[in-house]
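Sequence first, predicted model second:
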Amino acid sequence: MLLMEGETRIPSGCAIVGLISRKGRMIPGDTAVKAIAVMHDRSNGLGGGFAGYGIYPQYKDLYAFHIFYYNQKAKEQTEEFLNSHFDIECLNNIEIRRLPNIIDEPVIMRYFVAPAQLKLKSSQLDEREFVARCVIRINSEIDGAYVFSSGKNMGVFKAVGYPEDVGEFYRLEEYQGYSWTAHGRYPTNTPGWWGGAHPFGLLDYTIVHNGEISSYDANRRFLEMYGYRCKLLTDTEVITYIFDYLNRRSGLPLEEISNIVCARFWDEIDRMPEEERRKHEAYRSVYSSLLINGPFSIILGFSGGIMALNDRLKLRSMVAAEKDDMVYVASEECAIREICPSPDRVWSPRGGEPVIARLEEGGRN
Amino acid sequence: MGINYIQPGFIVLRDQNRCIRCRVCERQCSNEVHRYDEDDNIMLADESGCVDCQRCVSLCPTHALAITENPNHLRQNANWSNQLIYENYRQAESGGMLLSAMGNPLPFPVYWDKILLNASQVTNPSIDPLREPMETRVSLGSKPKRLEIENGILKTKLPVNLQLNVPIMFSAMSYGSISKNAHESLARAATELGTYYNTGEGGLHEDFYKYGSNTIVQVASGRFGVHSGYLMAGSAIEIKMGQGAKPGIGGHLPSGKVKEDVSRTRMIPMGSDAISPAPHHDIYSIEDLRQLVYSLKEATRYTKPVFVKIAAVHNVAAIASGIARSGADVIVIDGFRGGTGAAPTRIRDNVGIPIELALAAVDQRLRDEGIRNDVSVVVAGSIRCASDAVKAIALGADACYIGTAALLALGCHLCRDCHSGKCNWGIATQRPELVKRLNPEIGYKRLVNLVSAWDHEIKEMMGGMGINAIDSLRGNRLMLRGVGINEKELQILGIKHAGE
């Protein structure tokens, strides 16, 4: 029997793109589509997707839930759950353009919601933790419903298909954001499931990922101690949870998180000055299970920025570039040059060396 | 004395054409098996004392010797093995408990041999340890729940941890049960390897305090050799609650092994039996353990991590969880195959559970309770080779202890006669003429070689899996598959079957 995503672990190779205007200028979604389309051969038509930040300014204080429904019952159950836990300000079908290459689409809904104050208070959780737990609960308990985007003023759009078709399907040229990430998927053994496409999102964290991590189960089993349920069995899911755990829940800055997920080699740590050395030893001791091993290049999207990171040995390609206030990251340089023909600077970040680009002070968000 | 009920287990085969009557076999055998017949100018043997330790075979310059099983058999019986029948004869004669040494030799399942490892193909590159960094360093001890970083500076004060360059340590073997030269070999090897050896419950010989930064000192129910200088001498303290070879009972060092040095080190009279009680008489429950853990921490001013070692028994997961909440920094689980210098045979062969199942259950239980990262888990009780260690770490261990494998490096031939005190290899004996056969200068190098070789193999296997730091192997059960084991076993081990 062919096992679906979430029932078995499916590795995949891929293409990724990330771009951001540090001044917060609005960039239409089709820019990211153009870039990822160049790397057509790095995907195999079994998944593509995008994340845009700053795309819902009119609802920027509400959580935007994008949800796939595979049956009516799942929709009813989910809406019942949402009604009891959130105030729904607005809901609609996400507008799509029918394409011959994108088939079997589920019902795709969008809700702008705020946590129901009474529920939130009685849960004794902070707001983001409350929302995260609700999302994890829907995804793990309601069969046939899948929340694939759950942040504020941002959204994930993904499907089974080539990324350029996915972009057209979701009419991304109609959305404007200060940053975008994009993904083309090359899963090695999957029937292809819409929820399994990238980006994977939790709250405003999204991950696009190229690679296959060999630390998967070590990472997963660590995270599951802290309430996460890795339902998809994909690298992207587990990496997103790692960032959520370290950044949101443990309060560590992104700059330091790269020292955990791409821990410095002991050789290097041994040569560091005392204080620095103690810090890195502590990372490797306390968070050793969150080291991400094996080949990967990832782009983390978050409110106000992007962060790109390669594995410690740089076993996956990743190139970065700058032009004025724009920062670009992609699996291949050609993708960047497609949308920015003459960048000021192009470089290949070293393994484990993060590229972090944020909105400038006063930049629009 | 009438009928001889018990026949020798082994026969000496001597090729008289090769034998040059050098009499080395005679001089080497502490069991007095070989003798020279001057009249006939021939070497003879009386095998009743032979334990198949292979000392004579190894030293015979002309390869004239072989030791083989005695072909003499009692009538075959699927229920009553020869062994059982002889044991009953022996007890009918002596009226005593049967004693045995080293680990349980019976054909219980060895789960290590039913687990296979993964390797990368195509979608993910394997990593070549000869060309890329490959890290096997481990830190053992308790960890804080989270780290506080302010402006890039670490604010959290961490508890003391042990740093191991390899995820292998030498397990507790007391001075008394093994010789001074064996201890010296272990101590020096641990120092050179950047790992730790364990004193066992017999105290620390004064000559070995200098190896303290690679020593774990043990506190067991007999409290032999325990004083404040001893506690401060090591890098960590291990409370021995139980031992895999003999869960539920204490230890017994026969008076014959309590010579002058052993007596001074253990702080007991010469020639007295050293009997450790079955329980610690100050620990009748988990809250008492907590008091001992903190007494030891107070006594050493919180500079030493405290290990608590237990035998793998049926309820091991719940016990481990209790220990994790009792201030222990490291939990050591010792499987039923673990070795010993002496144990009652019936206990060694029938009490306890396999380390693979115990480890899997403990690791999962600590995770279910969200406390796995608070403590480290070390396993012992028959880690026989590098792949056993890799599988143990993938099941969830932080590091392994090796005892029997280390003794093999020192020349042990696993004849299982340690309790006699007549070890021909100079390991499990206190007789000076036997002890001097083990040269610590050679012994420590052989231990270094063994562990270095394992480390290379561990790195090679990790590289094959696409992993370049042992951190990512720990608890990574997706790297394991079972073969030929049933659904229940797979479920306890938390792994899939091969082909899944």
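Perfect, I can see it now.

For the chain, which residues score under the pLDDT cut-off?
No chain specified, so I'll use chain A. In the predicted model of chain A, residues A:1-13, A:188-192, A:362-365 satisfy pLDDT under 70.

Switch to chain B, please.
B:1.

per-domain residue ranges of it.
With domains defined by automatic domain parsing, chain B comprises B:10-96, B:138-497.

Quick check: which of those domains has the most neighbours on average?
Compared across the domains of chain B, domain B:138-497 shows the largest average neighbour count, a mean of 21 (mean count of other C-beta atoms under 10 Å in any protein chain shown). No exception for glycine: its C-beta is placed from N, CA and C like everyone else's.

chain center to that one, what's the gap?
Per C-alpha atoms, centre = their mean, to the nearest Å, the displacement of domain B:138-497 from the mean C-alpha position of its chain is 7 Å.

B:N424: what's its closest spatial neighbour, skipping adjacent residues?
Closest residue in space to B:N424, ignoring its immediate chain neighbours: B:R55 at 3.8 Å, by C-beta to C-beta, 6 or more residues apart in numbering or on different chains.

how close does the residue of chain A most remote from its centre get to A:H280?
The outermost residue of chain A, judged against the average C-alpha position, is A:E274 (35.8 Å), by C-alpha atoms, centre = their mean. Separation of A:E274 from A:H280 (C-beta to C-beta, to the nearest Å) stands at 11 Å.

same thing with A:A357?
Taking C-beta to C-beta as the measure, A:A357 falls 24 Å from A:H280.

Which of those two has more residues huddled nearby?
Between A:A357 and A:H280, A:A357 has the larger neighbour count (other C-beta atoms under 10 Å in any protein chain shown), namely 23 against 20.

In terms of helix, strand or coil, where does the more buried one fall?
A:A357 carries the three-state label strand when classified by DSSP: H, G, I helix; E, B strand; the rest coil.

Test my guess that it contacts A:V327.
Yes. With contact defined as C-beta atoms under 8 Å, A:A357 and A:V327 form a contacting pair (3.8 Å).

Name the residues contacting each of these two.
The contact sets of A:A357 and A:V327 overlap at A:I20, A:R22, A:I306 (C-beta atoms under 8 Å, 6 or more residues apart in numbering or on different chains).

Could you identify the buried members of those?
Taking 16 or more other C-beta atoms under 10 Å in any protein chain shown as the criterion, what is buried in those is A:I20, A:R22, A:I306.

Just want the phi and psi numbers for B:E441.
B:E441 adopts backbone torsions of phi -60, psi -40, taken as degrees, to the nearest 10.

For burial, what's the neighbour tally of A:N93?
A:N93 is flanked by 9 other residues according to other C-beta under 10 Å.

Verify the stated contact: it with A:P106.
No. With contact defined as C-beta under 8 Å, A:N93 does not count as touching A:P106 (11.2 Å).

hey, where'd the strands end up in the stretch 1-150 of chain B?
Assignment of strands within the stretch 1-150 of chain B using DSSP state E, counting those that start in this stretch yields the ranges B:10-14, B:34-37, B:42-45, B:65-69, B:99-100, B:115-117, B:138-140, B:149-150.

Can you give the contact residues for the last one?
If I follow you right, that is strand B:149-150. By C-beta under 8 Å, 6+ apart, the list of residues contacting strand B:149-150 reads A:L252, A:P253, A:E256, A:K279, B:K155.

ok, for residue 129, nearest residue in space, not its chain neighbours?
Picking chain A for this. A:R249 (7.6 Å).

if you could check chain B rather than the one you did, that'd help
Once flanking residues are discounted, B:P129 sits nearest to B:K459: 4.1 Å by C-beta to C-beta, 6+ apart.

what helix or strand does the one you found sit in?
Using DSSP states H and E, B:K459 sits in helix B:440-464.

which residues touch that helix?
With contact meaning C-beta under 8 Å, 6+ apart, helix B:440-464 is reached by B:117, B:119-120, B:126-129, B:132, B:134, B:136, B:166-168, B:170, B:181-182, B:184-186, B:188-189, B:192-193, B:195, B:385-387, B:389-390, B:405-406, B:408-411, B:468, B:470, B:473.

which parts of the stretch 51-200 of chain B sit against chain A?
Counting by C-beta under 8 Å from any C-beta of the partner chain, the stretch 51-200 of chain B comes close to chain A at B:120, B:122-125, B:127, B:132-133, B:135, B:137, B:139, B:141, B:143-144, B:146-149, B:152-154, B:156, B:158, B:161.

can you pull the contacts of the nearest residue to B:P344 once chain neighbours are set aside?
Of all residues not flanking B:P344 in the chain, B:M97 sits nearest, at 4.9 Å (C-beta to C-beta, 6+ apart). Contact partners of B:M97, counting by C-beta under 8 Å, 6+ apart, are B:P344, B:T345, B:R346.

Filter these down to just the ones in helices.
Under the assignment DSSP state H, these contribute B:T345, B:R346 to helices.

Would you reformat the contacts of B:M97 as CSV and include distance to A:Y186?
Formatted as CSV, those follow (distance: C-beta to C-beta, whole Å):
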residue, distance to A:Y186
B:P344, 61
B:T345, 60
B:R346, 60
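
Thank you kindly, that will do.
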